[in-house]
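In: got a predicted structure here, sequence first:
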Amino acid sequence: MKIKILILFVTSLLAFNNSILAQESTSSLLDKAQTEAKKEGKAIFIKFEASWCGWCKKMTKDMKADETKAFFEANYVTVPVVVKESKGKEHLENPGSNDLLKKYNGEKAGLPFWVILDADLNVITNAYNAKGQNLGAPGTKEEADVFIEKIKKSAKKITEEDIASIKKQFVLKS
């Protein structure tokens, strides 16, 4: 009897652990983001990223920095989507992430790749510059300028102070 109880307990614990470790599907992430975007009048900023990607970490840090966090939170529902993980870490990927990346023509781009949608899930803009190159995490003044022009298309409000803060935060210091 004790063995049956122990087996039941261990099985329950493993099932609970797997549900905690399982990544949320992209369809679920988008459903939640769309609901929030409609409710709050925001755009949806999908950022495709991976655990091995240094530029992805830089972009996350830049978007969450004290100087820029309020702007991004006021204007966007940010949806990080884990994709293109290295061998052995595929479990970190959100189910459906590769299909979503392909849907937005980012499968051949490097990471991070981002796309901004309106609350009806229509594309407003994406990470490609005029030459068809992925901006990723803007690091130069020129990339930051293109990034700012793109977010101007989707932000409810962007001030000169916001622009200066984004440039200061995103542009790599030499």
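Out: Okay, I see it. Residues are numbered from 1 along each chain as shown.
In: name the residues that touch the helix or strand harbouring residue 73?
Out: Per DSSP states H and E: residue 73 is located in helix 69-75. Helix 69-75 is contacted from outside by 42-43, 45, 63-64, 78, 151, 154-158, 162, 165-166, using CB atoms under 8 Å, 6 or more residues apart in numbering. For the C-beta atoms, the positions are set from N, CA and C on the backbone; glycine is no exception.
In: got the buried residues for that helix?
Out: Of all the residues in helix 69-75, those buried under the rule 16 or more other CB atoms under 10 Å are 71-72, 75.
In: do stretch 80-87 as well
Out: Applying 16+ other CB under 10 Å to stretch 80-87 flags 80-85 as buried.
In: for it, how far is the first residue from the last?
Out: Start-to-end span of stretch 80-87 (CA to CA, to the nearest Å) is 20 Å.
In: the nearest residue to residue 105 once chain neighbours are set aside bridge partners, please.
Out: What sits nearest to residue 105 in space, not counting adjacent residues and going by CB to CB, 6 or more residues apart in numbering, is residue 126, at 7.5 Å. Following DSSP bridges, residue 126 is listed with bridge partners residue 115.
In: still on that earlier bit, nearest to residue 140 among the contacts of helix 69-75?
Out: Nearest to residue 140 among the contacts of helix 69-75 is residue 166, at 13.2 Å by CB to CB.
In: need the next SSE after the helix or strand containing residue 45, C-terminal direction.
Out: Element membership of residue 45, judged by DSSP H and E, is strand 43-49. Toward the C-terminus, strand 43-49 is succeeded by helix 54-64 as the next helix or strand (DSSP H and E).
In: next structured bit after the lowest-mean-pLDDT helix or strand in the chain?
Out: Ranked by mean pLDDT, DSSP states H and E, the weakest helix or strand in the chain is helix 2-21, scoring a mean of 49. Using DSSP H and E, the helix or strand that directly follows helix 2-21 along the chain is helix 26-40.
In: that older thread, would you turn the buried residues of stretch 80-87 into a markdown table with pLDDT?
Out: A markdown table is the format used below for these (pLDDT from 0 to 100):
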| residue | pLDDT |
| --- | --- |
| 80 | 98 |
| 81 | 98 |
| 82 | 98 |
| 83 | 97 |
| 84 | 95 |
| 85 | 96 |
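In: could you count how many residues lie near residue 54?
Out: For residue 54, the tally of surrounding residues (other CB atoms under 10 Å) stands at 9.
In: how close does it get to residue 83?
Out: Distance from residue 54 to residue 83, counting by CB to CB, to the nearest Å: 16 Å.
In: what about the residue nearest to residue 44 when sequence neighbours are not counted, distance to residue 29?
Out: Nearest non-adjacent residue to residue 44, counting by CB to CB, 6+ apart: residue 117, 4.3 Å away. As judged by CB to CB, residue 117 and residue 29 stand 12 Å apart.
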